[in-house]
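Chemist: Using only what follows, build the 3D model:
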Amino acid sequence: MLNFIYYPVSFILWCWHWVFGHVFGESSGFAWALSVIFLVFTLRAILFKPFVGQVRSMRRMQEFAPEMQKIKKKYPNDRQRQAQEMQKLQSEHGVNPLGGCLPMLVQIPVFIGLFHVLRSFKPGWGEVYYFDAKGVESFVNAKLFGANLSTFISMPAEQLAQFGTERTNVILVAVPLMIVASIATHFTARHSVARQNQTALDNPQTAIMNKLTLYIFPLGVLVGGFFFPIAILMYWLSNNAWTLGQQHIVYKRIDSEEETKKAAAVETRQALAPKPGAKPTNPKKPAPGAKPANGAKRMPTAGPGGSPSSSSPDTNGSSNTEIPGLISGRSTSKKPGNKKRR
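Modeler: Next up, the predicted model:
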């Protein structure tokens, strides 16, 4: 039913075993262990770009988290309206909630596929998906420090005998992997929680999820190690190691980009700000002594009493010049009765 998952997973595993088998030998436990580890690295490298998008989406969601809290308070009893308003807010900020879950959703079928393929490698079996009978026999005979990669601690004694493996050898290999994988899971979650802002930390749902990822999931890896094959423990350990290193690189790069944007914004504001001591200019008011625009006629300014106070050209090209003591268009004359009596 899930062959569309099993065949690609087995094909990638086959490719890496072909590479490392030429170095360590086809039935070498190191060749098969490295094949499982590089299977994880291959899948995580394919998902690197979606992971970066997931981190950016989480950053943007943290920025408008206070607005989402306001929506919840505004519509406390209307779940449908809450969902509509939150979808609208997320679309305005360009955030896709499903995009943030893509890397995790893809890893789940990969884990299931690898678990199923490895559990299918049993003594006496023929072809297993992309592996022929010779490849299956190579995996069954391969041992890492005396333990087969398909064995696990709680495996029945008769099945361990079929692989020619003792439980003590399985415990010596599986227990250190369980402990290291559990610690790696905790530190991966801790590094992710440390990137959350205070608003997200104050959210009760976020607080519950943080406790699950910090303590319950690592404990689940530790307990599940008794039932997981050694190859699955290697998958889990390499997956968390990749995630921890990837988070460090991606977060550092995103922080650097944000600092660069902030510095550029500060420089832009400083460039647009007026210099100290400089008077702000009004762009609508022409500066004193500025020439009129082309084709515009300069209108005479009115002096006291409404008469022109400066020379201005008339329509014939002549100029009317105001002379002190004279009124435009009139000559001064003595009025009768104003003669000085002797």
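Chemist: Do I have it right that Gly146 meets Phe163?
Modeler: No - Gly146 lies out of contact with Phe163 (Cβ atoms under 8 Å); the separation is 10.7 Å. (C-beta placed from N, C-alpha, C; glycine too.)
Chemist: So those two - more neighbours on which side?
Modeler: Using other Cβ atoms under 10 Å as the criterion, Gly146 and Phe163 rank with Phe163 on top: 20 against 14.
Chemist: Quick check: closest non-adjacent residue to the more buried one.
Modeler: Among residues not flanking Phe163 along the chain, Asn148 sits closest, at 4.4 Å (Cβ to Cβ, 6 or more residues apart in numbering).
Chemist: if I look at Val55, how far off is Val19?
Modeler: 31 Å (Cβ to Cβ, to the nearest Å).
Chemist: Let me know how buried Ile249 is, in neighbour terms.
Modeler: Neighbours of Ile249 using other Cβ under 10 Å come to 11.
Chemist: so who does it touch?
Modeler: Going by Cβ atoms under 8 Å, 6 or more residues apart in numbering, Ile249 touches no other residue.
Chemist: can you tell me how far it sits from Ser256?
Modeler: According to Cβ to Cβ, Ile249 stands 11 Å off from Ser256.
Chemist: Wasn't Trp125 part of a strand?
Modeler: No - looking at Trp125 with DSSP: H, G, I helix; E, B strand; the rest coil, it is coil, so not inside a strand.
Chemist: So for it, what's the nearest residue that isn't a sequence neighbour?
Modeler: Closest to Trp125 by Cβ to Cβ, 6+ apart is Val136, at 5.4 Å.
Chemist: hang on, isn't that neighbour packed against Tyr129?
Modeler: No - counting by Cβ under 8 Å, Val136 stays clear of Tyr129, with 9.9 Å between them.
Chemist: picking that back up, the residue nearest to Trp125: what's it in contact with?
Modeler: Phe121, Lys122, Trp125, Gly126, Glu127, Val128.
Chemist: In a strand, it, correct?
Modeler: No - assessed by three-state DSSP, Val136 does not belong to a strand; its assignment is helix.
Chemist: can you give me the strands in this structure?
Modeler: Under the criterion DSSP state E, strands of the chain are mapped to 143-144, 147-148, 312-313, 319-320.
Chemist: related to what we said a few turns ago, what's the neighbour count on the residue nearest to Phe163?
Modeler: Neighbours around Asn148, by other Cβ under 10 Å: 28.
Chemist: May I have the beta-bridge partners of it?
Modeler: Lys143 (DSSP bridges).
Chemist: can you pull the contacts of it?
Modeler: Asn148 is in contact with Val140, Ala142, Phe163, Gly164, Thr165, Ile230, counting by Cβ under 8 Å, 6+ apart.
Chemist: quick one: low-confidence parts of the protein?
Modeler: 1, 62-65, 93-104, 197-203, 275-342 (pLDDT under 70).
Chemist: Need the residue closest to the centroid of it.
Modeler: In the chain, the centroid-proximal residue (Cα atoms, centre = their mean) is Arg56; its distance is 1.6 Å.
Chemist: Show me how far the longest helix that the chain contains is from its chain's centre.
Modeler: In the chain, taking DSSP state H as the definition, the longest helix is helix 230-272. Here helix 230-272 is found 8 Å from its chain centre; the criterion is Cα atoms, centre = their mean, to the nearest Å.
Chemist: pretty sure Cys248 is touching Thr188, no?
Modeler: Not quite, residue 248 is His, not Cys. No - assessed by Cβ under 8 Å, His248 is found out of contact with Thr188, at 10.3 Å.
Chemist: Among the two, which residue is more densely surrounded?
Modeler: For His248 and Thr188, the more surrounded residue by other Cβ under 10 Å is Thr188, and the numbers stand at 23 against 11.
Chemist: what sits against that one?
Modeler: Thr188 makes contact with Asn240, Thr243, Leu244, Gln247, according to Cβ under 8 Å, 6+ apart.
Chemist: what do you get if the cut-off is 7 Å, keeping everything else the same?
Modeler: Shown in contact with Thr188 (Cβ atoms under 7 Å, 6 or more residues apart in numbering): Asn240, Thr243, Leu244.
Chemist: Over to Leu43?
Modeler: Contacts of Leu43 by Cβ under 7 Å, 6+ apart are Val110.
Chemist: any idea how far it lies from Gly146?
Modeler: Leu43 is 29 Å from Gly146, where distance means Cβ to Cβ.
Chemist: Export only the CA atoms of stretch 245-261, formatted as PDB.
Modeler: Provided in PDB are the C-alpha atoms of stretch 245-261 (Å, rounded to 0.1, in the frame of the first residue of the first chain):
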ATOM      1  CA  GLY A 245      23.600  21.900  13.000                       C
ATOM      2  CA  GLN A 246      21.100  23.200  10.400                       C
ATOM      3  CA  GLN A 247      19.300  25.300  13.000                       C
ATOM      4  CA  HIS A 248      22.600  26.900  14.000                       C
ATOM      5  CA  ILE A 249      23.500  27.800  10.500                       C
ATOM      6  CA  VAL A 250      20.100  29.000   9.300                       C
ATOM      7  CA  TYR A 251      19.300  31.000  12.500                       C
ATOM      8  CA  LYS A 252      22.700  32.700  12.200                       C
ATOM      9  CA  ARG A 253      22.200  33.600   8.600                       C
ATOM     10  CA  ILE A 254      18.700  35.000   9.200                       C
ATOM     11  CA  ASP A 255      19.900  37.000  12.200                       C
ATOM     12  CA  SER A 256      22.600  38.500  10.000                       C
ATOM     13  CA  GLU A 257      20.100  39.400   7.300                       C
ATOM     14  CA  GLU A 258      17.800  41.100   9.900                       C
ATOM     15  CA  GLU A 259      20.800  43.100  11.300                       C
ATOM     16  CA  THR A 260      21.700  44.200   7.800                       C
ATOM     17  CA  LYS A 261      18.100  45.400   7.200                       C
END
